[in-house]
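**Student:** Fold the following.
(2 chains)
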Amino acid sequence: MTTITGALPATVHIQARSGFFWDAFRRMRRNRAAVVSMIVIAALVFVAAFADVIAPYSPAEQFLTTTGGITDPLAPRSTGKFERPSPEHVFGTDQLARDVFSRTVVGLRISLSAAFFAIIVVSVIGVLVGTVAASGPRFVDDVLMRVTDIAFSFPDLLFIVLLRAAFGASIFGFTHILGIQASLLLLFLAIALTAWPTMARLIRGQLLSIRELEYTVAAQAIGASRSRVALRHWLPNAMGPAIVEATFLAPRAIFAEAALSFIGIGVSPPTPSLGVLISEHFGWMSINWTGVAFPTLVLALLFLAFQFFGDGLRDAFDPRARR
Amino acid sequence: MARYIIGRLLQSAATLFFIALITFLMMHVVPGGPFEAMAGERGVSTQFVAAQESYYGLDDPLAEQFVRYLGNLARGDLGLSFAQRGQSVTGLMLDKIWPSTLLGVMSFALVFGLGMPLGVLAAIRRNSAWDYISLAISTLLAAVPAFVLAFILLIVFAVWLGWFDVRLGKGFGDSVGSLRNGILPALALGAPAMALISRLTRSSMLDVLDQDYIRTARAKGLSRGGIYVRHALRNALIPVVTLAGPVLAALVTGSIIVEQIFGIPGIGSAFVTSVFQRDYGMIMGTTMFYATIILVMNLSVDLIYPFVDPRVRLRS
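**Tutor:** Predicted coordinates:
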């Protein structure tokens, strides 16, 4: 008896707020890993967005303690370089006596920008190509799918390296676009351009299969207009997998940025990205292991948060799919 | 079947053509040709650069150069390297392909040899310590970037434990003994794929174990081991096995970063060098090699699928 009375308010709640996204949201809330990941992502985005305020120092500021004279590389710690973590420098200082915490915070901003840029560009191209291919005439579909095949078969890293080399530090003569370094923008764009084919194929496949499903036929049978069927039935159902795919793009883009910066064709120093920080500090690992550890931890945290969040989203959007 | 294969091969050839075209155009957009890059280094006169460019036909219209390249390519001639004078791209690439392929294959063996058992174990002992250990390993492997993992491996096993030479990439693939040096790079390269394969095996195995025919087999009184091996595993591995092609392609073509870290003289590092040297022949050669592997492996998935899963039929 008590169970029934206990269940009633919940039923009322469902009736008050139901629909595709609300259902998904409710399922999501029960997934502890996904909720924690969401909070972690929100916190990291917050830190990245307010990097200027949160970073205690400028990422380029040097804290050399010796004034003038020759700095002895064999006694690095007396010079303010490679300081151990302390209240003043939470993550310590690097080989140029810069504050690692400030650099990590700014680096986080660059890594997250790569992720969001990739998500936006891939979603726009993917949804556009996928939708047009699925709903357009046959030959348009054929042409678009061939283009997708070509992009899909192009070796990712080769494309990024070539594009970076082709443009160098400017896009058609501009070194800065909307205040962002052209080389950075180009790197983000290159990463995004290698990832859109998967999204386009996914959207197209979704739309093609949804078109044949019973609820589409049912909606048409009770006289729903074309646009209503498309907007109320197709879009939400195709959106689920697309959103999940977009979430998984984030860790891929972040890793790509880090790896490219690491081999020296990504973000160029002194601009710090997590990849730049990790690769810079690797050379000094034996005297200053914390310099590598902290940016790597942030990178791993970012990756795991997006991964678990994506897993949670997938389960929430498709309750039939088991893990 | 034959019609289907021929159709797909023609499609692949067309794809290859466009990849060649895009690479060719991007390459020529890059400011500075191969000889200008060299001239900057060694202080060669502009007349010499011009003479060299005309000798190699680099001052011809782009379209003409591209058609000439395709013609040579069709005859299996990848041209000459501009950076390593007097050497053919084919010869240079053959030297570089071997270590990369070897590394890819070793990594492939690790990915499937460790990933699949890990996944099966996790599924059979669901929610046990094994399951969580397997989850922890695969999460960790996927969450640490390859270059970080590479360095951790290098520091732990080469520097601290001294099991490997620090410069283990040197001479990799030259002798049977050098294969040992491939273990660390193969692990670093294959980590994300291993995580993927173990997770996929687990979920696929769980799906199969839930099926009616497994219950029937149990009801008949078959042994657990027999059911796992003869009934469950064979079906559970269908989606896993079909990934073999793309995974191998990804491992052979995705080793640029790992090669750089371990100093393996493979084709990935050769490509990065050739881009900076504007070595047109090498850039084109590497790209075509990579693209061919990816295309062949993707095609292999579609061709193998009907054999492992008789429910699937090819349509032409």
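
**Student:** got the contact list for the closest residue to chain B within the stretch 101-250 of chain A?
**Tutor:** Taking CB to the nearest CB, chain B has its nearest neighbour within the stretch 101-250 of chain A at A:P155, 3.9 Å off. C-beta here means a position set from N, CA and C on the backbone, and glycine is covered the same way. Residues near A:P155 by CB atoms under 8 Å, 6 or more residues apart in numbering or on different chains: B:T253, B:T287, B:Y290, B:A291, B:I294.

**Student:** With respect to pLDDT, which of the residues you listed ranks lowest?
**Tutor:** Lowest in pLDDT among these is B:T253, which has 81.

**Student:** Pretty sure that one sits against B:Y290.
**Tutor:** Yes. Under the criterion of CB atoms under 8 Å, B:T253 makes contact with B:Y290 at 4.5 Å.

**Student:** Could you check how far the closest residue in space to B:R218 that isn't next to it in sequence is from B:S204?
**Tutor:** Once flanking residues are discounted, B:R218 sits nearest to B:I227: 6.6 Å by CB to CB, 6 or more residues apart in numbering or on different chains. Relative to B:S204, B:I227 is positioned 16 Å away (CB to CB, to the nearest Å).

**Student:** coming back round to it: got a list of what the residue nearest to B:R218 touches?
**Tutor:** Applying CB under 8 Å, 6+ apart to B:I227 gives the contacts B:I214, B:A217, B:R218.

**Student:** try 10 Å
**Tutor:** Counting by CB atoms under 10 Å, 6 or more residues apart in numbering or on different chains, B:I227 touches B:L209, B:Y213, B:I214, B:R215, B:T216, B:A217, B:R218, B:K220, B:L233.

**Student:** ok, the nearest residue to the first one once chain neighbours are set aside - how many residues close by?
**Tutor:** The spatially closest residue to B:L209, leaving aside those adjacent along the chain, is B:A232, at 5.7 Å (CB to CB, 6+ apart). By the criterion of other CB atoms under 10 Å in any protein chain shown, B:A232 has 25 neighbours.

**Student:** Over to B:G263?
**Tutor:** Neighbour count for B:G263, taken as other CB under 10 Å: 15.

**Student:** wait, it sits on B:A150?
**Tutor:** No. With contact defined as CB atoms under 10 Å, B:G263 does not count as touching B:A150 (11.1 Å).

**Student:** Now the common contact residues for the two.
**Tutor:** Taking CB under 10 Å, 6+ apart as the criterion, B:G263 and B:A150 both touch B:P185.

**Student:** shaky segments in chain B?
**Tutor:** Within chain B, the segments meeting pLDDT under 70 span B:31-32, B:36-43, B:166-169, B:173, B:177, B:312-316.

**Student:** Grab the most central residue of it for me.
**Tutor:** B:V252 (2.4 Å; CA atoms, centre = their mean).

**Student:** Regarding it, what is its secondary structure?
**Tutor:** Following DSSP: H, G, I helix; E, B strand; the rest coil, we place B:V252 in the helix state.

**Student:** mind checking which helix or strand the closest residue in space to it that isn't next to it in sequence is in?
**Tutor:** Distance criterion CB to CB, 6+ apart; nearest residue to B:V252, sequence neighbours excluded, is B:G104 at 3.5 Å. B:G104 is part of helix B:89-124, with elements assigned from DSSP states H and E.

**Student:** Please save the CA atoms from the helix or strand just after that helix in PDB.
**Tutor:** Next helix or strand after helix B:89-124 toward the C-terminus (DSSP H and E): helix B:129-143. Included here for helix B:129-143 are C-alpha records, laid out as PDB according to Å, rounded to 0.1, in the frame of the first residue of the first chain:
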ATOM      1  CA  ALA B 129      36.400  -7.900  -9.000                       C
ATOM      2  CA  TRP B 130      37.500  -9.100 -12.500                       C
ATOM      3  CA  ASP B 131      34.900  -6.900 -14.100                       C
ATOM      4  CA  TYR B 132      36.000  -3.800 -12.200                       C
ATOM      5  CA  ILE B 133      39.700  -4.500 -12.700                       C
ATOM      6  CA  SER B 134      39.000  -4.800 -16.400                       C
ATOM      7  CA  LEU B 135      37.000  -1.600 -16.400                       C
ATOM      8  CA  ALA B 136      39.700   0.200 -14.500                       C
ATOM      9  CA  ILE B 137      42.400  -0.900 -16.900                       C
ATOM     10  CA  SER B 138      40.500   0.000 -20.000                       C
ATOM     11  CA  THR B 139      39.400   3.400 -18.600                       C
ATOM     12  CA  LEU B 140      43.000   4.200 -17.600                       C
ATOM     13  CA  LEU B 141      44.400   3.100 -21.000                       C
ATOM     14  CA  ALA B 142      41.800   5.300 -22.800                       C
ATOM     15  CA  ALA B 143      42.100   8.300 -20.500                       C
END
